[in-house]
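> Kindly return the folded structure for what I paste below:
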Amino acid sequence: MYIATLLTNPAAPNLSREIVESLRNAWGGGDAIWLAVGEAAEFSLGEMPENRWDVWQDLQEIGVDLIVQPRENRAKKMLLADMDSTMIRQECIDELADEAGVGPRVADITARAMNGELDFDGALRERVGLLKGLDESMIDHVLNTRIELMPGGKALLATMKKNGAYAALVSGGFTAFTAKVAALLGFDENRANTLIIENGKLSGEVGMPILGRQAKVDALEQITARLGISEQDVLAVGDGANDLGMLGRAGSGVALHAKPSVAAECEIRINHGDLTALLYIQGYAQSEFASV
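Below is the predicted model:
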């Protein structure tokens with residue numbers, strides 16, 4: 001048994017009953033259940049539709065995401081999340097670079113690294129090197145003035161934790177940022193790289209070992225083993241090439257507003273919804289969201 005979920009941007013909901021019923025009828029699905037009127041709906045299916053991706057593409061053009069997944073075990077016991085451009089809107093290193101006057105150069109390297117065009121470790125070292133001499137106080141300045149949480153994040157964390165899930169933030173960014181974001185959103189733990197600071201200024205070096213793609217897979221393995229749960233019990237979310245390892249291993253790997261090369265390798269692609277989409281695909285109705 002499968003579940004088809006249709007959802008859209010909560011800030012401009014445009015999911016009509018006609019769209020849902022038309023697809024339900026075409027695929028011979030069960031009765032439609034509205035998880036949030038105008039925003040998200042689902043229906044059951046006996047088998048995976050052969051034309052799923054063709055329909056997905058058509059719906060993308062009208063601002064609707066479509067996810068088809070097995071019904072069994074879709075409500076997860078753990079959230080494993082990337083931070084930059086996933087739980088927050090920005091890339092922290094790009095914001096620091098902007099303050100250091102090397103914004104465009106660093107942003108270009110970041111974009112290429114996240115698209116899988118560059119080696120992550122080398123790209124991180126190069127970008128951090130360009131920050132050498134930046135005053136340590138700029139970290140708090142960026143946190144306080146430039147960083148915005150991705151919409152839906154607080155509801156996602158609060159609802160999953162209310163239902164017994166564990167939440168881990170694992171980033172190729174920096175602990176100075178993950179610690180703050182994790183505390184704001186309610187993550188149980190966070191892992192990231194460390195910026196080396198000498199005499200109140202960034203040294204241009206990053207602590208070793210560098211946490212990249214493999215570190216996210218390691219976190220998946222280590223935390224599930226510690227909790228005594230299966231990797232199939234995990235919902236992982238990210239947007240960059242360094243997230244693909246954990247997205248491929250987790251029971252549900254979600255490419256959220258991801259780079260095209262990343263989304264192409266994932267079964268669950270969210271391009272229009274916000275982080276509450278991760279609740280809808282687990283079967284939570286908006287009325288079941290924890291208050292935040």
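> Residue 128 and residue 121, how far apart?
11 Å (CB to CB, to the nearest Å). Using the backbone N, CA and C atoms, a C-beta is placed for each residue, glycine as well.
> low pLDDT regions in this protein?
For the chain, no stretch is flagged by pLDDT under 70.
> Please say which of residue 128 and residue 121 ends up with more neighbours.
Ranked by neighbour count (other CB atoms under 10 Å), residue 128 and residue 121 place residue 128 first, with 24 against 19.
> Hmm, residue 207 and that one touching each other?
No. Under the criterion of CB atoms under 8 Å, residue 128 makes no contact with residue 207, lying 10.0 Å away.
> Could you tell me which residues touch both of those two?
With contacts taken as CB atoms under 8 Å, 6 or more residues apart in numbering, residue 128 and residue 207 have residue 195 as neighbours in common.
> Residue 80 is in what secondary structure piece?
Element membership of residue 80 [criterion: DSSP states H and E] is strand 78-81.
> And the helix or strand following that strand, what does it pack against?
Once the chain leaves strand 78-81, the next helix or strand it forms, by DSSP H and E, is helix 92-100. Applying 3 or more CB pairs under 8 Å, 6 or more residues apart in numbering; DSSP states H and E, we find helix 92-100 packed against helix 103-114, helix 120-129, helix 137-145, strand 166-174.
> Dump those into TSV; add distance to residue 181 as well.
Below are the helices and strands packed on helix 92-100 laid out as TSV (distance: least, CB to CB, whole Å):
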stretch	distance to residue 181
helix 103-114	18
helix 120-129	18
helix 137-145	9
strand 166-174	7
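> related to what we said a few turns ago, restricting to C-alpha, output the strand holding residue 80 in PDB.
The C-alpha trace of strand 78-81 is given here as PDB (Å, rounded to 0.1, in the frame of the first residue of the first chain):
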ATOM      1  CA  MET A  78      14.300  10.400  14.300                       C
ATOM      2  CA  LEU A  79      15.000  13.600  12.400                       C
ATOM      3  CA  LEU A  80      18.500  14.000  11.000                       C
ATOM      4  CA  ALA A  81      18.800  17.500   9.400                       C
END
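> Given it, what are its sheet partners and their directions?
If you go by DSSP bridges, strand 78-81 pairs up with strand 166-174 (parallel), strand 234-238 (parallel).
> most neighbours per residue, which of these?
strand 234-238 (a mean of 28; mean count of other CB atoms under 10 Å).
> Could you give the number of residues near the nearest residue to residue 239 once chain neighbours are set aside?
Residue nearest to residue 239 in three dimensions, not counting chain neighbours: residue 258, with 4.2 Å by CB to CB, 6 or more residues apart in numbering. Applying other CB under 10 Å, we find 28 residues neighbouring residue 258.
> How much space separates residue 258 from residue 115?
From residue 258 to residue 115 the distance is 10 Å (CB to CB).
> follow-up on the earlier one: adding distance to residue 277, write the strands paired with strand 78-81 out as CSV.
Listed next are these as CSV, based on distance: least, CB to CB, whole Å:
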stretch, distance to residue 277
strand 166-174, 16
strand 234-238, 9
